[in-house]
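**Student:** When you get a sec, could you give me coordinates for this:
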Amino acid sequence: MIDLYVSLPGIVGGSYNKAYELAQELKKISPIDSYLALGYVYEYDDEPAKAKTSYLEALALVKEYKEFERNQLNYQLGKVCSDYGIQLDTGIEFMTRYIENHSIKDGVPLEWAYFRMARLYRKKENKQNSLFWINKALEKRTGFKRAEEEKQIILALKG
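**Tutor:** Residues are numbered from 1 along each chain as shown. Here you go, the predicted structure:
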């Protein structure tokens, strides 16, 4: 629902306010999902500082969980670490869990998890592991533009 509210034009019922309210309501059910949703809304509303703060709140709550009911949370948290260059080792742990437990119901294809792993390792300046994961992403899906662009960045790393 949050995705619909932020991506639909107001004429069809979309609005950042509705998305924000829904994300706040989600706190009653799942605080970690709420902070991830708030970060998502702030990203779409072009408020990167608020998005990052929400994502950091979600990451702070992770210590309370041994594992998640939904594997997709592993992906979302790993993606946040990858995109923001924060808690890189933690991001690798989340993405590893996502990959190990992946099923079609998770919604995000494996090539995207491989892409995120490559970015996490690149941000750790680990060219070898980064190349391993980006090549896996490209093997899984040929013509994957974002992965091809990422590979060029990785290849430019020293070492």
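**Student:** drop to CA atoms for contacts and neighbour counts, all remaining ones
**Tutor:** OK.
**Student:** Show me this protein divided up by domain.
**Tutor:** 1-65, 67-159 (automatic domain parsing).
**Student:** export these to CSV and tack on mean neighbour count and mean pLDDT?
**Tutor:** Converted to CSV, those look like this (neighbours: other CA atoms under 10 Å; pLDDT from 0 to 100):
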stretch, mean neighbour count, mean pLDDT
domain 1-65, 17, 73
domain 67-159, 19, 95
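**Student:** In contact with the residue nearest in space to the middle of the chain: list those residues for me.
**Tutor:** A centroid search over the chain (CA atoms, centre = their mean) returns residue 79, at 2.3 Å, as the residue closest to the centre. When contacts are counted by CA atoms under 8 Å, 6 or more residues apart in numbering, residue 79 touches 91, 95, 116.
**Student:** Go through these and flag which are in helices.
**Tutor:** 91, 95, 116 (DSSP state H).
**Student:** and residue 141, backbone torsions?
**Tutor:** phi -140, psi 100 (degrees, to the nearest 10).
**Student:** Check the secondary structure at the residue nearest to it when sequence neighbours are not counted for me.
**Tutor:** Spatial nearest neighbour of residue 141, chain neighbours left out: residue 111 (6.7 Å); criterion: CA to CA, 6 or more residues apart in numbering. The assignment at residue 111 comes out as helix when based on DSSP: H, G, I helix; E, B strand; the rest coil.
**Student:** OK, contacts around residue 111?
**Tutor:** 136, 137, 138, 140, 141.
**Student:** how much space is there between the residue lying closest to the fourth one once chain neighbours are set aside and residue 138?
**Tutor:** Read that as residue 140. Closest residue to residue 140 apart from its sequence neighbours, by CA to CA, 6+ apart: residue 111 at 5.9 Å. Look at residue 111 and residue 138: by CA to CA, to the nearest Å, they are 7 Å apart.
**Student:** List the contacts of residue 21.
**Tutor:** Taking CA under 8 Å, 6+ apart, one finds nothing in contact with residue 21.
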